[in-house]
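> Any chance you could fold what I've pasted below:
(one chain, ligands or ions: 1)
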Amino acid sequence: MRKSATGMVYIVGAGPGDPELITVKAMRRIQLADVILYDRLVSEELLGYARSDAELVYCGKAPGAHAMPQHLINKALVDYALEGKLVVRLKGGDPFVFGRGGEEALELAAWGIPYEIVPGITSAIGAAAAAGIPLTHRNYAASFACVTGNRCHGDNSPIRWDLLAHSVDTLAIYMGVSQLPAIREELLQHGKAAATPVALIERGTTSRQRTIVGTLADIHTLAVTMKLSNPALIIIGEVVRVRDQLLHAEQQAIALIG
Ligand code: SAH
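The predicted structure follows:
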């Protein structure tokens, strides 16, 4: 196994699910690594590109078990690097978008360990593309925001739903499945129109992707009916209409050609 005096940690984004959506740089780091610490949302296929003697460490949550606590992940990154190893910390999507990559980089910086951040396609970008929903569009949306849905607790919520309801055209909400009724309530309370189109994209970019479209008024019941499960992304805004327009145009084209 390759060792040097100083190790190095690569905090790498694996992309949104489809293994082909990883970057060339990320792939090169995977092929180089002595150790790979990977998360639940990372495609298994990508681990197949690791060296045959690389150590693979699962940090996600196994069914019925707990995820590795963040402080232990931080410690493992530091310990492996101090042993002189090339370490890849492989995360779903982008490491700096709800990925705790910032916390890990701070830990490494505090220890003086060299590190590199390799960005990835975040799931909002990937899932929206795969569902045919442009996050911006000249007719519908001049802005979009990536928002976490799991800190949605009424008055104590650090999320400014009041501002998001009015000042951002497209909302891409991560980790929001279990909070969907609360998110819907917040947005309606702050004056977002009940007719605003909403899309729920489950396992975006993978072969098991499902997309459900509705409005703010009925999306929470649709989610229950469809038994929506994680990982899923909520996209709220007029741009969701483009999906239907694309499907319609494609069907017309097929009818014309065929
Ligand atoms: N760093 C990741 C986000 C991690 S938070 C990124 O940049 O994408 C985990 C949340 O990401 C999930 O709860 C879900 O909302 C979203 N997510 C991740 N992969 C997804 C996928 N393939 N389809 C839809 N949503 C996904």
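> Could you pull out the buried residues of the lowest-mean-pLDDT helix or strand in the chain?
In the chain, the helix or strand scored least confidently by mean pLDDT, DSSP states H and E is helix 240-257, which has a mean of 92. Neighbour counts over helix 240-257 (16 or more other Cβ atoms under 10 Å) mark Val240, Arg241, Val242, Arg243 as buried. Where C-beta positions appear, they are placed from N, C-alpha and C, glycine not excepted.
> Ok, stretch 124-141 next?
For stretch 124-141, by 16+ other Cβ under 10 Å, it's 124-135, 137, 140-141.
> ditto for stretch 57-72
Across stretch 57-72, burial judged by 16+ other Cβ under 10 Å covers Val57, Cys59, Met68.
> Same question for stretch 215-230.
Thr215, Leu216, Ile219, His220, Leu222, Ala223, Leu228.
> Now tell me what touches it from outside.
177, 180-181, 184, 187-188, 192-198, 200, 202, 210, 212, 214, 234, 236 (Cβ atoms under 8 Å, 6 or more residues apart in numbering).
> Take those residues and keep only those in helices.
Leu180, Pro181, Arg184, Leu187, Leu188 (DSSP state H).
> quick one: the first one and Ile234 touch, right?
Yes - taking contact to mean Cβ atoms under 8 Å, the distance of 6.9 Å between Leu180 and Ile234 places them in contact.
> number of nearby residues for the residue of the stretch 1-150 of the chain at minimum distance from the ligand?
Residue nearest to the ligand within the stretch 1-150 of the chain: Gly93 (2.0 Å; Cβ to the nearest ligand atom). Gly93 has 29 neighbouring residues, counting by other Cβ atoms under 10 Å.
> again, but for Ile212
Residues near Ile212, counting by other Cβ under 10 Å, number 17.
> beta partners of it?
As for beta bridges, Ile212 partners with Leu200 under DSSP bridges.
> do you know how far it is from Thr205?
16 Å (Cβ to Cβ, to the nearest Å).
> wait, what's in contact with His66?
No contacts exist for His66 under Cβ under 8 Å, 6+ apart.
> measure it to Val177 for me?
The separation that His66 has from Val177, given Cβ to Cβ, amounts to 20 Å.
> I'd like the distance between Thr221 and His166.
Computed as Cβ to Cβ, the Thr221 to His166 distance reads 25 Å.
> meant to ask about Glu116, not that
From Glu116 to His166 the distance is 39 Å (Cβ to Cβ).
> before we move on, what about Gly191?
Distance from Gly191 to His166, counting by Cβ to Cβ: 7 Å.
> More neighbours: which of those two?
With neighbours defined as other Cβ under 10 Å, Gly191 and His166 compare such that His166 has more, 12 against 9.
> residue contacts, the more buried one?
Counted by Cβ under 8 Å, 6+ apart, His166 has contacts His190, Gly191, Lys192.
> In this structure the second one contacts Ala165, no?
Yes - counting by Cβ under 8 Å, a contact exists between Gly191 and Ala165, whose distance comes to 5.8 Å.
> My read is that Leu21 contacts Gly15, right?
Yes - with contacts counted by Cβ under 8 Å, Leu21 reaches Gly15, the gap being 3.8 Å.
> Common neighbours of these two, please.
Common neighbours of Leu21 and Gly15 (Cβ under 8 Å, 6+ apart) are Ile121, Gly126, Thr205.
> out of the contacts of stretch 215-230, which are buried?
Looks like these have 177, 180, 184, 187-188, 192, 196-198, 200, 202, 210, 212, 214, 234, 236 buried, using 16+ other Cβ under 10 Å.
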